[in-house]
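**Q** Next come a sequence and a model predicted from it.
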Amino acid sequence: MNEGCGVVAVASRNRAAESIYLALMALQHRGQEAAGIAVFDGEIKNYRGLGLIGEAFKDFDIEKINGQVGIGHVYYSIKISTPENAQPTLLHTSAGDIAIAHNGIITNAEDLKKELMEEGHNFFYGSEEEAIAYLLADSLKERSVEKAVKYAMKKIEGSYSFTLMLNDRVFGLRDPLGIKPLCLGKIENGYIIASESVAIDVLGGEFIRDVEPGELIEITPDGYKSYKLIEEKHKAHCFFEYVYFARADSFIDGIEVYKARERLGRVLAEEHPVEADYVVPIPDSGRAHAYGFSKASGIPVAEGLMKNRYIARTFILPTQKIRERLVQLKLNPVKSIVEGKKIVIVDDSIVRGTTMKKIVGLLRHHGAKEVHVRIASPPIIAPCYFGIDMTTRDQLIASGRSIEDIRKKIGADSLGYISIEGLVKALGIDKNDLCLGCVTGEYPVKIKGERYRFQESLEKWRKE
Ligand code: SF4
């Protein structure tokens, strides 16, 4: 499972590019396929490349990129093939230069593009971000920035945390349901907006607060200004940010991700107790959950699986035979911990089930007496339409299968998933303020052919 992107905006009396570069490095887990930085230096200049940040910027001298305001982006997309597809997206419009970095998916993008083309816009990239830029540019002819953004928000549906530049002004915007995270911080000589608080930490900055759902914030080197553009009764924070996507050392909507994961592990142990010699985390994603499971169950944690840190996620494996060995390349059991023992492995989720099946097989091959699997998210039964790479039901092992069927498929002695109630209790967030689309099949945004939940005030606001 992969996340779809991280965004940053900086306004500073120092050169912004250096701060953005560092912040993007802290957000690298949110996207490894491409990265980009746009800065204002008389006009908006855009620097983009493919790969991890070091690779993407290898041809640019960051120290020589001038400009005190800018935005940045790390990209996850299987579609990306050239640096021109990377973000930020920069367009020269009738309203001036507009640069956009986006985390999320606009679910009505095709309809929007069609409408904009009928109005005479030519698309260079064909992207959602281009559509947003045209919407903004058209609206800015008659409106102030905040009114133009509000107008665009009424037209777009889906999940979005944007960082935006309108010429030399820089903003952050979070969708009315707060599906994706976004936060605000103070850094030396300026301010920052970023997907996660670790991006502020890495600059020695101070976390101020989360950007609220439906809020637009403009930052300058001297301060920030907030525009609360829409207030929805209920939010829809993606629960997977806590379970897996975000870094454990980030705070999202007032909750430390590590603590949330530890609590998930505790609840999992209460809901699915088991007798075992060791709790073995799947590194690194299951570690905090495993510590929570261990504390609640009294079963000691042992690092029974070693991770090869040098197999990068973007590493292209040259042959099918080598690709089939990927799990063994990444993880290898520690014989003294595993042999003859009853093991509980704890992980964040099971998507397709192929990796988990291989891990269970590996542990058995290395002599484990019993292998029990505990999962800190409920079964994923439906796709995500909001920017997470799990797109069709037939890819999901839990779609249309019982827990017993899944257990047999992965070859475990027992299998336990946290319940939806357990998840909600562990996160300490009202159930109605979480997106649970992929585990309930009921979505907070209208999706053709899917069940829609209760976002009535959002509907009303769009029609006003
Ligand atoms: S559908 Fe699932 S992964 Fe997608 S935003 Fe909602 S909770 Fe997150």
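**A** Received the coordinates, thanks.
**Q** how about the residues of the chain near the ligand?
**A** Counting by CB under 6 Å from any ligand atom, the chain comes close to the ligand at 179, 238-240, 384, 386, 388, 435-438. Using the backbone N, CA and C atoms, a C-beta is placed for each residue, glycine as well.
**Q** Let's see that with 8 Å instead.
**A** Selection of the chain residues close to the ligand by CB under 8 Å from any ligand atom yields 159, 179-180, 236, 238-241, 380, 382-388, 390, 434-439, 443-444.
**Q** Give me the buried subset of those residues.
**A** 159, 179-180, 236, 238-241, 380, 382-388, 390, 434-439, 443-444 (16 or more other CB atoms under 10 Å).
**Q** So which of the residues you listed are in helices?
**A** 239-240, 437-439 (DSSP state H).
**Q** wait, what's in contact with the closest residue to R13 other than its chain neighbours?
**A** Distances taken as CB to CB, 6 or more residues apart in numbering put N189 closest to R13, at 4.0 Å, once the chain neighbours are dropped. By CB atoms under 8 Å, 6 or more residues apart in numbering, N189 lies in contact with 12-14, 221.
**Q** CA atoms of whichever strand in the chain runs longest as PDB?
**A** Ranked by residue count, the top strand of the chain under DSSP state E comes out as strand 96-106. Extracted as PDB, the C-alpha positions of strand 96-106 are listed here (Å, rounded to 0.1, in the frame of the first residue of the first chain):
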ATOM      1  CA  GLY A  96      -0.600  35.400 -13.000                       C
ATOM      2  CA  ASP A  97       1.500  32.400 -12.100                       C
ATOM      3  CA  ILE A  98      -0.200  29.700 -10.200                       C
ATOM      4  CA  ALA A  99       1.700  26.700  -8.700                       C
ATOM      5  CA  ILE A 100      -0.100  23.800  -6.900                       C
ATOM      6  CA  ALA A 101       1.100  20.900  -4.900                       C
ATOM      7  CA  HIS A 102      -1.600  18.400  -4.000                       C
ATOM      8  CA  ASN A 103      -2.000  15.500  -1.600                       C
ATOM      9  CA  GLY A 104      -5.300  13.700  -2.400                       C
ATOM     10  CA  ILE A 105      -7.600  12.900  -5.300                       C
ATOM     11  CA  ILE A 106     -10.300  15.100  -6.900                       C
END
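**Q** List the neighbouring strands of that strand plus their orientation.
**A** Applying DSSP bridges, strand 96-106 is found paired with strand 89-93 (antiparallel), strand 158-166 (antiparallel).
**Q** between those, which gets nearest to M306?
**A** strand 158-166 (35.2 Å; CB to CB).
**Q** Could I get the buried residue list for that closest one?
**A** Those would be 158-166, for strand 158-166 by 16+ other CB under 10 Å.
**Q** Of the residues you listed, which is the nearest to V360?
**A** The nearest member of those to V360, counting by CB to CB, is S159 at 33.4 Å.
**Q** Show the contacting residues for the closest one.
**A** Taking CB under 8 Å, 6+ apart, one finds 103-105, 175, 177, 179-180, 238, 386-387, 445 in contact with S159.
**Q** What is the neighbour count of R48?
**A** Residues near R48, counting by other CB atoms under 10 Å, number 23.
**Q** hang on, it packs against A35?
**A** Yes: if you go by CB atoms under 8 Å, R48 and A35 touch, sitting 7.2 Å apart.
**Q** Domains in this protein, by residue range?
**A** Annotated domains of the chain cover 6-236, 256-426+435-439 [automatic domain parsing].
**Q** Centre of the chain to the shortest one, how far?
**A** Offset of domain 256-426+435-439 from its chain centre (CA atoms, centre = their mean, to the nearest Å): 19 Å.
**Q** Then stretch 25-43?
**A** That offset, for stretch 25-43, works out to 15 Å (CA atoms, centre = their mean).
**Q** List the buried residues for that stretch?
**A** 25-41.
**Q** tally of neighbours for E275?
**A** 10.
**Q** What mean pLDDT does stretch 214-221 get?
**A** What stretch 214-221 shows for mean pLDDT is 98.
**Q** hmm, who's touching it?
**A** 9-13, 68-69, 145-146, 149, 153, 169-176, 178, 184, 189-193, 211, 224-232.
**Q** Out of the residues you listed, list just those in strands.
**A** Cross-referencing these against strands under DSSP E gives 9-12, 69, 169-174, 184, 190-193, 224-228.
**Q** who are the neighbours in contact with the closest residue to the ligand within the stretch 251-400 of the chain?
**A** Residue nearest to the ligand within the stretch 251-400 of the chain (CB to the nearest ligand atom): C384, separated by 3.1 Å. Contacts for C384 (CB under 8 Å, 6+ apart) come out as 390-391, 437-438.
**Q** In CSV: those residues, plus pLDDT and distance to D413.
**A** Shown next, in CSV, are the contacts of C384 (pLDDT from 0 to 100; distance: CB to CB, whole Å):
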residue, pLDDT, distance to D413
M390, 76, 27
T391, 70, 31
G437, 96, 31
C438, 96, 27
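**Q** right, and the pair among these with maximum separation?
**A** Using CB to CB, these span at most 12.7 Å, a distance reached by T391 and G437.
**Q** Show the subsequent helix or strand relative to the helix or strand bottoming out on mean pLDDT in the chain.
**A** Lowest by mean pLDDT, DSSP states H and E among the helices and strands of the chain is helix 320-324, with a mean of 67. Toward the C-terminal end, the helix or strand that comes next after helix 320-324 (DSSP states H and E) is helix 326-330.
**Q** Show me what secondary structure element comes after that following helix.
**A** Remark: after helix 326-330, the chain's next helix or strand is strand 331-333, criterion DSSP H and E.
**Q** which secondary structure elements does that next one contact?
**A** strand 305-307, helix 354-365 (3 or more CB pairs under 8 Å, 6 or more residues apart in numbering; DSSP states H and E).
**Q** Ok, which of these comes nearest L135?
**A** helix 354-365 (40.2 Å).
**Q** Please name every helix or strand in contact with the helix or strand following the closest one.
**A** Once the chain leaves helix 354-365, the next helix or strand it forms, by DSSP H and E, is strand 370-375. Applying 3+ CB pairs under 8 Å, 6+ apart, one finds that strand 370-375 contacts helix 257-271, strand 342-347, helix 354-365, strand 414-417.
**Q** do you know how far the nearest residue to D175 once chain neighbours are set aside is from the ligand?
**A** Closest residue to D175 apart from its sequence neighbours, by CB to CB, 6+ apart: Y160 at 4.6 Å. Applying CB to the nearest ligand atom, to the nearest Å, the value for Y160 to the ligand is 12 Å.
**Q** residues contacting Y160?
**A** Contacts of Y160 by CB under 8 Å, 6+ apart are 102-106, 173-175, 179-180.
**Q** Name the nearest of those relative to the ligand.
**A** I179 (5.5 Å).
**Q** Once you drop chain neighbours, what's closest to the closest one?
**A** If the residues on either side of it in the chain are set aside, I179 comes closest to S159, at 3.7 Å by CB to CB, 6+ apart.
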